[in-house]
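Engineer: Sequence and predicted structure are below.
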Amino acid sequence: MRNSCRYDHVTPARATSTAPGSRALRALLALALFGATGLIVLHDWLGFLGPGFDEIAGGYLYDAVVVAAGLALLLRAEAARRERAAWALLAVAVLCWAAGELYWTTFILDAPEPPYPSPADGFYLAFYPLAYIGLALLVRARAHELDWRRWTDGAIAALGTAALGVAVVFDFVAANTTGTSLEVATSLIYPLADIAMMAMIVGVVALTGWRPGRTWSLLLAGLTFTAAADIAYSVQDSGGFVPPGSWIDPLYMLSAACIGAILWAPVTTPLRGNRRPGDRGELAVPAVFLAVVLGLGAIQYFGGSSDLSTALRVLTVGAVIARLAFSARENRRLLEQVRTDALTGIGNRGGMQVDLEALCAQAGPARPVAFCLFDLNGFKRYNDSFGHPAGDELLARLAGRLRDAVGRDGSVYRIGGDEFCALLTCPPERFGDVAEAAAEALTASDRSVDVASSWGAATIPLEAEDPSAALQLADVRMYAQKESRRAVHFADAPAPESRAGGRAAKVTVWHQPSNPAASDTR
């Protein structure tokens, strides 16, 4: 854009692998986008073709690059069916920018006192809302399978970028801009719109996990060139220092060239969250932008900042806190999934081992814990007779009955194919009743096949001091009952060789002592 008009922008875009139109049209667009941009860059930065080329480089050749970028996006809109509305809005946004440039070249370029604001500013400013909506539609069309992590990262990145832009650029411009109310308002709208655009783009790149691909990379590069030029003009017009020379205008040309190049970019994959929970980089975005906010807080402390900057910093911190809260909730949910048996909905072996270790560490003689192990008799026959789906349905039904039977007296788990267990935390005098109820819950008669359970138990720490000992003792007692067909509760443990010997060992029925802490359980 021109020095006396503050800003112009470049719009984001996406790509498809083919575009309609003749090869001649595409070649002409490529010549305008890349050939004309190259000439302007060489002329303004290196003095190529000398001063006589100034009027051409700053006039209609400059405008041709922006027009070519808008036409390239129109071709993309025609080729991309699902994203046509997004690309069309982005194309119209760039063409509004081009209309402002053409108006400036035709009516204002040679004016001794260029009006400000002018109708060209109206076209320039129309670019922003169209580009915002087009970007939002593009994200909507492309953002498949993104979970809350990606969305919160995008929000944090966008808010943090906006807070940084307001603190570094807008506050300076606002403090140094003078003129009529309309002139001041126009001068402030440009940096606000630029900051919002950059915040939106950084948020979108964060949605990609910082792997935007070719299309979004071209888009980000174009907007970065525009932002650099806008900031330079803003600082220059507000009395700040910028390096001398005609180096700013070519940045807009590079921006337009990057956006127009999207016409030749291949089809990009949808935005997807490819980072798994627990990856090292999962909290990178919250950490980086929290550091940005802390830095801005230090700037405010020493130099002051506007209410807008303060509000954006507060929103960024709020988004970081929400991100961490969501992470904690998700981690709890994932932990529950890991600890839960998928078929029955009760705890699994991993959950049982964690809970058993915790209870062993807390249990004492006056507050023992009971570990009960159950194995189904007759289930194999039922499963072989009626198939695995019927067997799975029976397991799920029995698990629900086991959970209801134990209730608040403990927790239940499926630890193998047809093996269940319960950890009882009720008062010791209820151990026997609850264990009997649990064994009864694992009993069924279906289609002339009877299913029942054998079980064994051990108290902690009265009979076993650690999870391994509790598991071994309960397992021995369960198999002793299975062999002897007698009820084995919290009784004398049979010799371990009774399982290997294949002969039922003598098992005595456990009777609840009046003082569990003082009883001899052997």
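Structural biologist: Structure's in. What do you need? Numbers count the residues shown, from 1 in each chain.

Engineer: which regions of the stretch 351-500 of the chain lie under the pLDDT threshold?
Structural biologist: The stretch 351-500 of the chain contains residues with pLDDT under 70 at 485-500.

Engineer: what do you get for the stretch 51-200 of the chain?
Structural biologist: Scanning the stretch 51-200 of the chain for pLDDT under 70 picks out the ranges 144-148.

Engineer: can you give me the helices in it?
Structural biologist: Using DSSP state H, counting those that start in this stretch, the helices of the stretch 51-200 of the chain run over 54-57, 60-79, 84-103, 119-142, 148-165, 171-176, 181-207.

Engineer: helices or strands up against the third one?
Structural biologist: In this structure, helix 84-103 packs against helix 60-79, helix 119-142, with contacts taken as 3 or more Cβ pairs under 8 Å, 6 or more residues apart in numbering; DSSP states H and E. C-beta: built from backbone N, CA, C; applies to glycine.

Engineer: go again using 10 Å as the cut-off
Structural biologist: On a contact count with 3 or more Cβ pairs under 10 Å, 6 or more residues apart in numbering; DSSP states H and E, helix 84-103 meets helix 60-79, helix 119-142, helix 213-237, helix 249-260.

Engineer: what's the answer for the longest one, then?
Structural biologist: When contacts are defined as 3+ Cβ pairs under 10 Å, 6+ apart, helix 181-207 sits against helix 119-142, helix 148-165, helix 171-176, helix 213-237, helix 284-303, helix 307-339.

Engineer: can you do 8 Å?
Structural biologist: Under the contact definition 3+ Cβ pairs under 8 Å, 6+ apart, helix 181-207 sits against helix 119-142, helix 148-165, helix 171-176, helix 213-237.

Engineer: Would you mark the buried spots in the top strand by length along the chain?
Structural biologist: In the chain, taking DSSP state E as the definition, the longest strand is strand 449-460. For strand 449-460, the neighbour count (16 or more other Cβ atoms under 10 Å) marks Val449, Val451, Ala452, Ser453, Ser454, Trp455, Gly456, Ala457, Ala458, Thr459, Ile460 as buried.

Engineer: Could you do stretch 124-131 as well?
Structural biologist: Buried, per 16+ other Cβ under 10 Å, within stretch 124-131: Tyr124, Leu125, Ala126, Phe127, Tyr128, Leu130, Ala131.

Engineer: sorry, back to before: deepest in the core, which of the helices and strands packed on helix 84-103 is it.
Structural biologist: Comparing these by mean neighbour count (mean count of other Cβ atoms under 10 Å), helix 249-260 comes out on top with a mean of 27.

Engineer: what angle sits between that one and helix 60-79?
Structural biologist: Per axes from the mean of the first three to the mean of the last three Cα atoms, to 10 degrees, the angle that helix 249-260 makes with helix 60-79 is 20 degrees.

Engineer: Helix 249-260 to helix 84-103, inter-axis angle?
Structural biologist: Angle between the axes of helix 249-260 and helix 84-103 is 150 degrees (criterion: the same axes, to 10 degrees).

Engineer: Put the alpha carbons of helix 249-260 into PDB.
Structural biologist: The C-alpha coordinates for helix 249-260 follow below in PDB (Å, rounded to 0.1, in the frame of the first residue of the first chain):
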ATOM      1  CA  ASP A 249       5.900  -1.300  -0.200                       C
ATOM      2  CA  PRO A 250       7.600  -4.500  -1.600                       C
ATOM      3  CA  LEU A 251       6.500  -6.300   1.600                       C
ATOM      4  CA  TYR A 252       2.900  -5.900   0.500                       C
ATOM      5  CA  MET A 253       3.900  -7.300  -2.900                       C
ATOM      6  CA  LEU A 254       5.500 -10.300  -1.300                       C
ATOM      7  CA  SER A 255       2.400 -10.800   0.700                       C
ATOM      8  CA  ALA A 256       0.100 -10.700  -2.400                       C
ATOM      9  CA  ALA A 257       2.500 -13.100  -4.200                       C
ATOM     10  CA  CYS A 258       2.400 -15.600  -1.300                       C
ATOM     11  CA  ILE A 259      -1.400 -15.600  -1.300                       C
ATOM     12  CA  GLY A 260      -1.700 -15.900  -5.000                       C
END
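
Engineer: Just the angle for it relative to helix 213-237, thanks.
Structural biologist: Per the same axes, to 10 degrees, the angle that helix 249-260 makes with helix 213-237 is 160 degrees.

Engineer: Mind giving me the packing neighbours of helix 249-260?
Structural biologist: Helix 249-260 packs on helix 37-46, helix 60-79, helix 213-237, going by 3+ Cβ pairs under 8 Å, 6+ apart.

Engineer: Val406: which of those helices is closest?
Structural biologist: Closest approach to Val406 among these (Cβ to Cβ): helix 213-237, 53.0 Å.

Engineer: Okay, angle between that closest one and helix 181-207 too, please.
Structural biologist: Angular relation of helix 213-237 and helix 181-207 on a 0 to 180 degree scale: 150 degrees, by the same axes, to 10 degrees.

Engineer: Just give me how far helix 213-237 sits from the chain centre.
Structural biologist: What separates the centre of helix 213-237 from the centre of its chain is 26 Å, taken as Cα atoms, centre = their mean, to the nearest Å.

Engineer: Could you do stretch 353-373 as well?
Structural biologist: Between the centre of stretch 353-373 and the centre of its chain there are 39 Å (Cα atoms, centre = their mean).

Engineer: now stretch 341-357
Structural biologist: Distance of stretch 341-357 from its chain centroid, counting by Cα atoms, centre = their mean, is 28 Å.

Engineer: Could you do stretch 388-395 as well?
Structural biologist: On Cα atoms, centre = their mean, the centre of stretch 388-395 falls 37 Å from the chain's centre.

Engineer: Touching it from outside, list them.
Structural biologist: Leu343, Thr344, Phe379, Tyr382, Asn383, Arg414, Asp418, Ala444, Asp446, Val451 (Cβ atoms under 8 Å, 6 or more residues apart in numbering).

Engineer: In PyMOL, how would I select the buried members of the residues you listed?
Structural biologist: For the buried members of these, the matching PyMOL selection, counting by 16+ other Cβ under 10 Å, is:
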select buried, resi 344+379+382+383+414+418+444+451
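
Engineer: out of the contacts of stretch 388-395, which are inside helices?
Structural biologist: Counting by DSSP state H, those place Phe379, Tyr382, Asn383 in helices.

Engineer: Let me know the closest of these to Leu71.
Structural biologist: When the ones in helices among the contacts of stretch 388-395 are compared for distance to Leu71 (Cβ to Cβ), Asn383 wins out at 68.5 Å.

Engineer: what's the burial count for the closest residue to that closest one other than its chain neighbours?
Structural biologist: In space, Asn383 comes closest to Gly391 once its chain neighbours are excluded; the distance is 3.6 Å by Cβ to Cβ, 6 or more residues apart in numbering. With neighbours defined by other Cβ atoms under 10 Å, the count for Gly391 comes to 19.

Engineer: before we move on, what about the one 5 residues further on?
Structural biologist: Each residue near Ala396 was counted by other Cβ under 10 Å, and the total is 16.
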